[in-house]
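Student: Turn this into a structure:
(chains A and B)
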Protein chains: 2
Amino acid sequence: MTEINHQLVLASRPQGAVTPDNFRLVETPLQPLADGQFRVRNHYLSLDPYMRGRMSDAKSYAAPQALDQVMIGGTAGEVVESKHPKFAVGDKVVAMFGWQEYGVSDGTGVQKIDTTHVPLSAFLGPVGMTGVTAWYGLNRIIAPKAGETVVVSAASGAVGSVVGQLAKQAGARAVGIAGGAEKCRYVVETLGFDACVDYKAGNLYPDLKAATPDGVDGYFENVGGEVLDASLSRMNAFGRIALCGMIAGYDGQPVPLRYPQLLLTQRLLVQGFIVSEHMDVWPQALKELGTLVAQKKLHYRESIAQGLKAAPEAFIGLLKGQNFGKQLVKLI
Amino acid sequence: MTEINHQLVLASRPQGAVTPDNFRLVETPLQPLADGQFRVRNHYLSLDPYMRGRMSDAKSYAAPQALDQVMIGGTAGEVVESKHPKFAVGDKVVAMFGWQEYGVSDGTGVQKIDTTHVPLSAFLGPVGMTGVTAWYGLNRIIAPKAGETVVVSAASGAVGSVVGQLAKQAGARAVGIAGGAEKCRYVVETLGFDACVDYKAGNLYPDLKAATPDGVDGYFENVGGEVLDASLSRMNAFGRIALCGMIAGYDGQPVPLRYPQLLLTQRLLVQGFIVSEHMDVWPQALKELGTLVAQKKLHYRESIAQGLKAAPEAFIGLLKGQNFGKQLVKLI
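Tutor: From the prediction side, this is the model:
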């Protein structure tokens, strides 16, 4: 019996919000391996906001996702068949195999990982791209000094949760912004932030002001829109803003920045960045993050959807902020 | 007969646009000098957009101008009376004596200058704060490489004209944005920019696109508003924006930034700055700028209003972009 690889391809580009029919399920029989290739059974698929940008064909930092091709995405899995001298059956790997159950590679872009002390899924989260994103923005852009205040939006999320914990370890005051009382409680009680503002409570600016009595020295932006406006209004002179995500503008309606003159009056630094363009920091960052996870000094939370078919709805939920922690799809 | 010092004080804060009655003319008799003091007859008063910010009491980088006090401002003049060992009658100086004909000092914040090769007024322009502003933003924030494209708004103005000429000397393509055909002609023909876009012609974005076929790598912002929006839309990946002035927002109505997501998608750096906070660069910058002016390798243009009483109207014109070159008031 031929085994089947289930795949999700981009069927159409979103007109506004992403809908389930932007994706199509495809069944492809597994092909025999050529010499120098190996096959991976993907255990986890990472869902990330950047994928929304790829679904559009607007000008962006990366080529758009091609129609009728497997959706891009980070994966973690296990080698199940190999004609490659350096990858053996049983090896655990992270790769960018996308939204599918199996991937075939000649080794390019595939990293072997050691799951002795760090769980497989963590390599898609705090010890993967999301962790390094947090590490880079915090350490290389915000560079907080002890006693400074760092605010991060989407604070209960995969990136934000790491930002705040690293800020605390740097001696800064960490203040999160998240949606809902439950997430805020998690941010303070489990992650150890000093405070968390619930933007859904309807008093974003006054609540943020109360949570940042000394103003804000560093802001890590994952969201955009009114959250960015509010945070900008709290920035101290010489503040630094690491611009990592702006979900609020992903659906095609540009969300203006209301008070750009604050960038001047407060002499702010704003730096947009994409962590994949800073590969030089990855080894150091992953080493530090892996150590923290292994020592249980870095908490993280996962929101796991079950089965490939659940990916579209999970992704749509992620864009709406319905996930709680790093959004993964378990494929096996 | 007692000599009179004419002074302009801030009479009221602007409600929206600045009006002449925000200022009041005051006549103060000259007071005898104390030991260690000297008196300067101001020859030139510099008018600069930052003064608009000081007139409001909104949160800003500097304390607001106090009501009923002499308006702040840079001046160039000559020592006319001295009880100070280091300042002699006839010495030429630059200082911050503000909108008045005479100033008294103990030397704090007063710089002696050498007018042998550089005219007195130039120390308020290309060899003064405006020149250093251009130098800092261009060299320390934009840092253009040869072959890159640098765009500067208010290109015929005191700061912009220096930015473009320094960019050319660095081997970059310099593109100006200015208001009106005459200013644009000046920017290209006299200042030597590669191109200049007339924002008053009504086709700002298409004209800017045509003038920047390879996109924009560095943008020096003096204006804000729609000019910033248009330039942001032309930025290449890893572009740098030096944020120096945002006249468009000075009158109290915040002007939103329409496409902040470009900061992320193009991984832009934005840095607001105030040149007075970077005193470490002044000696190097002034030396380079003074040499260029003395060698006539740096063109500059002055718009000179006559007499202290002309200052309010000249300042209002400056805020409306009616000046052509560095706005000065000749006081003698």
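Student: Wasn't residue A:241 part of a strand?
Tutor: Yes. Under DSSP: H, G, I helix; E, B strand; the rest coil, residue A:241 sits within a strand.
Student: from memory it sits against residue A:273, does it?
Tutor: No. With contact defined as C-beta atoms under 8 Å, residue A:241 does not count as touching residue A:273 (10.9 Å). All C-beta atoms are positioned from the backbone trio N, CA, C, and that covers glycine.
Student: okay, those two: which has more neighbours?
Tutor: residue A:241 (26 against 21; other C-beta atoms under 10 Å in any protein chain shown).
Student: who's in contact with the more buried one?
Tutor: Each residue near residue A:241 by C-beta atoms under 8 Å, 6 or more residues apart in numbering or on different chains is listed here: A:141-142, A:218-221, A:231-232, A:235, A:268-271.
Student: Quickly name whichever of those residues is closest to residue A:41.
Tutor: residue A:220 (34.9 Å; C-beta to C-beta).
Student: Leaving out the residues flanking it, which one is nearest to that closest one?
Tutor: residue A:152 (4.2 Å; C-beta to C-beta, 6 or more residues apart in numbering or on different chains).
Student: count of neighbours near the one you found?
Tutor: Neighbour number of residue A:152 under other C-beta under 10 Å is 37.
Student: With residue A:17 instead?
Tutor: 13.
Student: One more: the one 3 residues further on?
Tutor: For residue A:20, the neighbour count with other C-beta under 10 Å is 12.
Student: picking that back up, of the contacts of residue A:241, which is the nearest to chain B?
Tutor: Distance to chain B across the contacts of residue A:241 (C-beta to the nearest C-beta) is lowest for residue A:270, with 4.0 Å.
Student: hang on, isn't that closest one packed against residue A:264?
Tutor: No. Contact criterion C-beta under 8 Å: residue A:270 and residue A:264 do not qualify, at 11.3 Å.
Student: ok so, going back, give me the contacts around the helix or strand where the residue nearest to residue A:220 lies.
Tutor: Element membership for residue A:152, per DSSP states H and E: strand A:149-153. Here strand A:149-153 makes contact (C-beta under 8 Å, 6+ apart) with A:138, A:142, A:144, A:160, A:163-164, A:167, A:172-178, A:208, A:212, A:214-223, A:227-228, A:231, A:234, A:236.
Student: Selecting buried members of these in ChimeraX, what would you type?
Tutor: Buried subset of the contacts of strand A:149-153, written as a ChimeraX selection, criterion 16 or more other C-beta atoms under 10 Å in any protein chain shown:
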select /A:138,142,144,160,163,164,167,172,173,174,175,176,177,178,208,212,215,216,217,218,219,220,221,222,223,227,228,231,234,236
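Student: Helices - which of the contacts of strand A:149-153 land there?
Tutor: In helices, judged by DSSP state H, the following of the contacts of strand A:149-153 are found: A:160, A:163-164, A:167, A:208, A:227-228, A:231.
Student: For those, which two are the farthest from each other?
Tutor: A:167 and A:228 (18.1 Å).
Student: Sketch out the low-pLDDT regions of the stretch 201-332 of chain A for me.
Tutor: A:247-252 (pLDDT under 70).
Student: now swap in the stretch 1-150 of chain A and tell me
Tutor: Residues of the stretch 1-150 of chain A that meet the cut-off, pLDDT under 70, sit at A:1, A:59-61.
Student: Let me see the ranges of the strands in it.
Tutor: All strands of the stretch 1-150 of chain A, identified by DSSP state E, counting those that start in this stretch, fall at A:4-10, A:23-29, A:38-46, A:75-82, A:92-95, A:102-105, A:111-112, A:149-153.
Student: Identify each buried residue in the strand holding residue A:152, please.
Tutor: So, applying 16+ other C-beta under 10 Å, buried residues of strand A:149-153: A:149-153.
Student: Between those residues, which sits nearest residue B:99?
Tutor: Of the buried residues of strand A:149-153, the one sitting nearest to residue B:99 (C-beta to C-beta) turns out to be residue A:149, at 38.9 Å.
Student: Could you check how far the spatially most central residue of chain A is from chain B?
Tutor: By C-alpha atoms, centre = their mean, chain A has its centre lying nearest to residue A:130, at 4.3 Å. The span separating residue A:130 from chain B equals 16 Å under the rule C-beta to the nearest C-beta, to the nearest Å.
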